[in-house]
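> Sequence unavailable; structure follows:
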């Protein structure tokens, strides 16, 4: 791992796919259909509880990777990809059913696509796997909280708190800002990693 950029070499070994942290990550992906079913049935609290559980598996897989010494390049790719699919899939539902702002979905989709594209280029052309940074983690947390607020669907979260912006939209806006900063940060980090090779 490059200590300055925190990027690692893309040494993908198929044998390292079925590690305990990666299985936990894929389990998070499997919960998605059940969350959709609960949301369609308006079982908001159960859906929220399952989303929280899925979020805990995101923490657990990172913890297990460290204590079991099973952090792998494959895991560093699978984990963020599953996270992005998980969040974007939920947002699609919320756009059509919970008044989630379509423009916010488009912006998030574009920024996430740029991050994935940059990661793909670094992995494919330069044999480097980028690691998540602080801005990315904050952005993911804020967008997750915004999703929770839309899922719970309580009136208090829909009331304006500042400048005619509701609490759920304020958290969402902050999440998008941090995601934009994270995208720029990944770009700068990627260039440094390439130049330091």
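Received it, and whenever you're ready, just let me know what you need. Bear in mind the structure is a predicted one, so any value in this text is a computation, not a measurement.
> elements contacting the helix or strand encompassing residue 94?
Assigned by DSSP states H and E, residue 94 belongs to helix 73-97. If you count contacts as 3 or more Cβ pairs under 8 Å, 6 or more residues apart in numbering; DSSP states H and E, helix 73-97 packs onto strand 8-9, helix 20-30, helix 32-40, helix 44-67, helix 102-126, strand 128-129, helix 134-152. In this view, the C-beta of every residue, glycine as well, is placed from N, C-alpha and C.
> deepest of the ones you listed, which one?
Mean neighbour count (mean count of other Cβ atoms under 10 Å) peaks for strand 128-129 among those, with a mean of 23.
> which regions of this structure sit below the pLDDT cut-off?
Low-confidence segments of the chain (pLDDT under 70): 1-17, 126, 129-131, 193, 196-197.
> Check it for its longest helix and report it.
Ranked by number of residues, the top helix in the chain under DSSP state H is helix 167-195.
> how far is it from where the chain is centred?
12 Å (Cα atoms, centre = their mean, to the nearest Å).
> buried stuff in it?
Residues of helix 167-195 classed as buried by neighbour count (16 or more other Cβ atoms under 10 Å): 167-172, 174-176, 178-183, 185-186, 189-190, 193.
> on contacts alone, who are the packing partners of that helix?
Helix 167-195 packs on helix 102-126, strand 128-129, helix 134-152, helix 155-158, strand 160-162, going by 3+ Cβ pairs under 8 Å, 6+ apart.
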